[in-house]
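In: Pasted the sequence and its predicted model underneath.
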Amino acid sequence: MFKIQSEPLSLEVVVNAVCPSPLASRDPLPRGEGAVVTFTGVVRSVSRGKRVTRLDYEAYDSMAEKQLSRIGNEVAEKWPGALTAVVHRVGSLLPGELAVVIAVASPHRAEAFDACRHVIERLKQDVPIWKKEFSEDGDVWVGVGS
Amino acid sequence: MRVALFAAARARAGKSVLEVELPDGATVEALLKAVTAQVPSLASLSMRVAVNQEFAQARDVIPSGAEIALIPPVAGG
């Protein structure tokens, strides 16, 4: 699952995409996974000392989904057995709302943590998603400054 | 050719699509020059170019009919 969506995000949906049995189930995971690590990015209420009122996210949806899928392939190559899912939200988000959810399932914890970190760092470099930050000082394209 | 603009690039140009005249066999570098000649305020924005939804390099030739987009600094997450 590599997806850009305007609907609110659900951690459970993303986790279920890498680990088909719900975490609450007593069934063993089907591919020998022993670890699921998740990352959730949340809209902050304060940024560089200013009160944030909202973030407007937009994406080049089709390319962003391709890039996310490519990152998932990188993970599978680097950490054999690791399975990735990423869903990123677009639209107008208020502080406290979820902007991105990543889940990585793998046989052991070390690679699950490393791979999950890899996914968010790569997302920030090479996935065409942008955000405009609205605060008491006005608005700014994050990473551009105007 | 049609060039899609996103985020800060769209805001600076005041539109989401730019029509750019370029000869067949033009490179990504030539495209960026033509774009900034048409919209000077884009010159100070650091931008990558996506050709058919893949990041392209300055010397890459743009195939005819390609889907082209300007990618200002990304800020996902």
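Out: Okay, I see it.
In: for chain B, what are the nearby residues on chain A?
Out: Residues of chain A lying close to chain B by C-beta under 8 Å from any C-beta of the partner chain are A:41, A:57-60, A:62-64, A:66, A:88, A:99-100, A:120, A:123-132, A:141-144, A:146. For every residue, glycine as well, the C-beta is placed using N, CA and C.
In: If we use 7 Å, what do you get?
Out: Taking C-beta under 7 Å from any C-beta of the partner chain as the contact definition, chain A meets chain B at A:41, A:58, A:60, A:62-63, A:66, A:88, A:99-100, A:120, A:123-124, A:127-131, A:141-144.
In: quick one: secondary structure of residue 66?
Out: Defaulting to chain A. helix (DSSP: H, G, I helix; E, B strand; the rest coil).
In: which ones are touching it?
Out: Shown in contact with A:Lys66 (C-beta atoms under 7 Å, 6 or more residues apart in numbering or on different chains): B:Gln53.
In: 10 Å instead, please
Out: By C-beta atoms under 10 Å, 6 or more residues apart in numbering or on different chains, the contact set of A:Lys66 is A:Phe2, A:Tyr60, A:Val127, A:Pro128, B:Ala50, B:Gln53, B:Glu54.
In: Could you report the neighbour count for the fifth one?
Out: By the measure other C-beta atoms under 10 Å in any protein chain shown, the count of residues near B:Ala50 is 23.
In: In what element of secondary structure is the nearest residue to it once chain neighbours are set aside found?
Out: Closest residue to B:Ala50 apart from its sequence neighbours, by C-beta to C-beta, 6 or more residues apart in numbering or on different chains: B:Ala69 at 4.5 Å. Take DSSP states H and E as the rule and B:Ala69 turns out to sit in strand B:68-71.
In: ok, back up a step: of the contacts of A:Lys66, just the buried ones, PyMOL syntax please.
Out: Applied in PyMOL, the following selects the buried portion of the contacts of A:Lys66 according to 16 or more other C-beta atoms under 10 Å in any protein chain shown:
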select buried, (chain A and resi 2+60+127+128) or (chain B and resi 50+53)
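In: So of the contacts of A:Lys66, which two are at opposite extremes in space?
Out: Taking C-beta to C-beta as the measure, these span a maximum distance of 16.9 Å, between A:Phe2 and B:Ala50.
In: lowest average confidence, helix or strand, in chain A?
Out: strand A:46-47 (a mean of 88; mean pLDDT, DSSP states H and E).
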